[in-house]
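J.: Starting from these lines, generate the structure:
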Amino acid sequence: MKAVLNIERIGFNALKAHAQHERREIGDQTHTDETRTHLNASIGLDKCPEAAVRKYLDQTGAKIDKRNEKPITRVLLSASPEYFRPGRADQGGEYDKDRLNPWLRESVKWLKKEFGEDAVHISTHLDETTPHIHAVIVPTYDKKTKRRTVKQVSHHKHPAFAALNSYEDLHDKYAAAVQHLDIQRGDKLPTELRKERRSRTKKEWLNGRMKAASAQLSLLDGEIRRHLGEKLRSLQQTFQPRKKQEKDRGAASAALAQVRSKTKARGRSR
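T.: Below you'll find the predicted structure:
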């Protein structure tokens, strides 16, 4: 039985669609059980995730950079179906309360510990195939200016996401929080790869991306040169025969003119 953790950055359009999905207004409803929809619940600043985000921004005064197209972070928590319904994992929609409730309690506890007040909306979905939790996070950090400290919204500068391998680390932490429920950590990156990624600074990562882009540009430049060369050769093959024909026609015309000239000269001499 594995812990499930998914982290996704979204914009306000996706947030609005998420709110409609929670109200079961849009999306595929074939995997939901309408008789259990009333069991879904939410906690936070508002039952509507979009309203919760806007309330939090108003209350804290947190600012969003205009260039930040996806300022909100959405987190999904769940576990293997076998955890919720041992021996009948294929019977979607069912769950044992004595297993569900401890998982809900520990998962919400972990979200609040990890994200604090930034977790503005937490909703449990019990009417779908497997129980899961959606958490809407407004990732804020304290930005210091010369005069004061202001709250800024930034996924990459939030304490939970700022470090390299942050998603892997969060998965480790969540798995540790539910380990006593016999839920284990899912597959992780090899240790060698994690160490390699940790050893790279942001500058090194950026340099690597620039080198890769430069290499791609060189390949593109070579491809363009090759294409233009082939085009030039094709044009040369197209026009060279024409030039030869024109030259031949010119020579023939000159020869004909010479013959006519000689013919006229003989006629006059007679």
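J.: how many neighbours does Arg24 have?
T.: Neighbours of Arg24 under the rule other CB atoms under 10 Å: 13. Every residue, glycine included, has its C-beta placed from N, CA and C.
J.: pretty sure it is in contact with Asp33, am I right?
T.: No: applying CB atoms under 8 Å as the test, Arg24 and Asp33 come out as separate, 10.9 Å apart.
J.: any common contacting residues for these two?
T.: Common neighbours of Arg24 and Asp33, using CB atoms under 8 Å, 6 or more residues apart in numbering, do not exist here.
J.: how about the helices in the stretch 1-150 of the chain?
T.: 12-22, 49-60, 81-84, 97-115 (DSSP state H, counting those that start in this stretch).
J.: highest average neighbour count across those helices?
T.: Among the helices of the stretch 1-150 of the chain, ranked by average contacts under mean count of other CB atoms under 10 Å, first place goes to helix 81-84 (a mean of 20).
J.: which residues of the chain score low on pLDDT?
T.: 188-206, 208-209, 212-213, 215-217, 219-223, 235-249, 251-252, 255-257, 259-270 (pLDDT under 70).
J.: Please repeat the previous calculation with a cut-off of 90.
T.: 1, 24-33, 66, 88-94, 143-150, 162-166, 168, 186-270 (pLDDT under 90).
J.: Just give the closest residue to Tyr95, not the sequence neighbours.
T.: Phe84 (4.0 Å; CB to CB, 6 or more residues apart in numbering).
J.: got a list of what that neighbour touches?
T.: So, once contact is read as CB under 8 Å, 6+ apart, Phe84 ends up touching Glu94, Tyr95, Asp96, Arg99, Leu100, Trp103, Thr130, Pro131.
J.: ok, now Leu5?
T.: So Leu5 contacts Val75, Leu76, Leu77, Leu170, His171, Tyr174, Gly186 (CB under 8 Å, 6+ apart).
J.: Measure how buried the closest residue in space to the third one that isn't next to it in sequence is and give me the count.
T.: Nearest residue to Leu77 in three dimensions, chain neighbours excluded: Ile133, at 4.4 Å (CB to CB, 6+ apart). The burial metric for Ile133, expressed as a neighbour count using other CB under 10 Å, is 20.
J.: Same check on the one 10 residues further on?
T.: Look at Lys143: counted by other CB under 10 Å, it has 15 neighbours.
J.: partner residues bridging Arg74?
T.: Beta-bridge pairing for Arg74 (DSSP bridges): Glu8, Val136.
J.: Repeat that for the one 4 residues further on.
T.: Using DSSP bridges, the beta-bridge partners of Ser78 come out as Val4.
J.: now it: how far from Glu25?
T.: 22 Å (CB to CB, to the nearest Å).
J.: Counting neighbours, go ahead and name the busier of the two.
T.: Ser78 (21 against 10).
J.: Quick check, that one in contact with Glu128.
T.: No: Ser78 is not in contact with Glu128 according to CB under 8 Å; the separation is 9.9 Å.
J.: So the nearest residue in space to Gln91 that is not next to it in sequence versus Thr130, what's the distance?
T.: Leaving out its chain neighbours, the residue that sits closest to Gln91 by CB to CB, 6+ apart is Arg85, at 6.1 Å. To Thr130, Arg85 is 9 Å away according to CB to CB.
J.: Okay then, goodbye and thanks.
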